[in-house]
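1. next come a sequence and a model predicted from it.
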Amino acid sequence: QVQLVESGGGLVQAGGSLRLSCVASGSSFSINAMAWYRQAPGKQRELVAHINSGGRTNYLDLVKDRFAISRDAARNTVYLQMNSLKPEDTAVYYCNGDITTMRVLPMRQEYWGQGTQVTVSS
């Protein structure tokens, strides 16, 4: 089993910055890709940024000039640097992992963190 734990959310003024972190822990696993999603009240969850095992990234158009996803493979950690934050970025941000666990047979699954609240005040 793999657990994803996010940290780094909080309250920030418009124009400010936050860095979210997500650590994957468990035994006998490999990470295929990691991503950040967000869900604002009354809205569907949306993909914000994605990074694969080769380091290739893609972003939601609304954030691509302001946010940056990165990873530390040795620490099984993915980051989301968020700059020039806007009130419309307010949401719960979720870490998502496309992870293969290896016990008897490899099993590829999607894992989610518990979410971290980001609130941007105007």
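-> Cool, the structure landed.

2. which stretches in this structure count as helices?
-> Listed in chain order, the chain contains no helices at all (DSSP state H).

3. strands along that one, start to end?
-> Taking DSSP state E as the criterion, the chain carries its strands at 2-7, 10-13, 18-26, 29-39, 46-52, 57-59, 67-72, 77-82, 91-102, 106-112, 116-121.

4. in TSV: those strands, plus mean neighbour count and mean pLDDT.
-> Just so you know, the C-beta spots here come from the backbone N, C-alpha and C atoms, and that holds for glycine as well. Listed next are the strands of the chain as TSV, based on neighbours: other Cβ atoms under 10 Å; pLDDT from 0 to 100:
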stretch	mean neighbour count	mean pLDDT
strand 2-7	16	96
strand 10-13	13	98
strand 18-26	18	97
strand 29-39	20	97
strand 46-52	19	98
strand 57-59	15	98
strand 67-72	18	97
strand 77-82	22	98
strand 91-102	19	97
strand 106-112	12	95
strand 116-121	17	98
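
5. quick check: Gly8 touching Val23?
-> No. The pair Gly8 / Val23 is not scored as a contact, 10.9 Å apart, by Cβ atoms under 8 Å.

6. farthest from the middle of this protein: give me that residue.
-> Largest separation from the mean C-alpha position in the chain: Val104, at 28.9 Å (Cα atoms, centre = their mean).

7. distance check, it against Asn52.
-> As judged by Cβ to Cβ, to the nearest Å, Val104 and Asn52 stand 26 Å apart.

8. and Leu80, by the same measure?
-> On the measure of Cβ to Cβ, Leu80 and Asn52 end up 15 Å apart.

9. quickly list what the nearest residue to Leu47 once chain neighbours are set aside is bridged to.
-> Excluding its sequence neighbours, the residue lying closest to Leu47 (Cβ to Cβ, 6 or more residues apart in numbering) is Tyr37, at 5.5 Å. Tyr37 has the following beta-bridge partners by DSSP bridges: Leu47, Tyr94.
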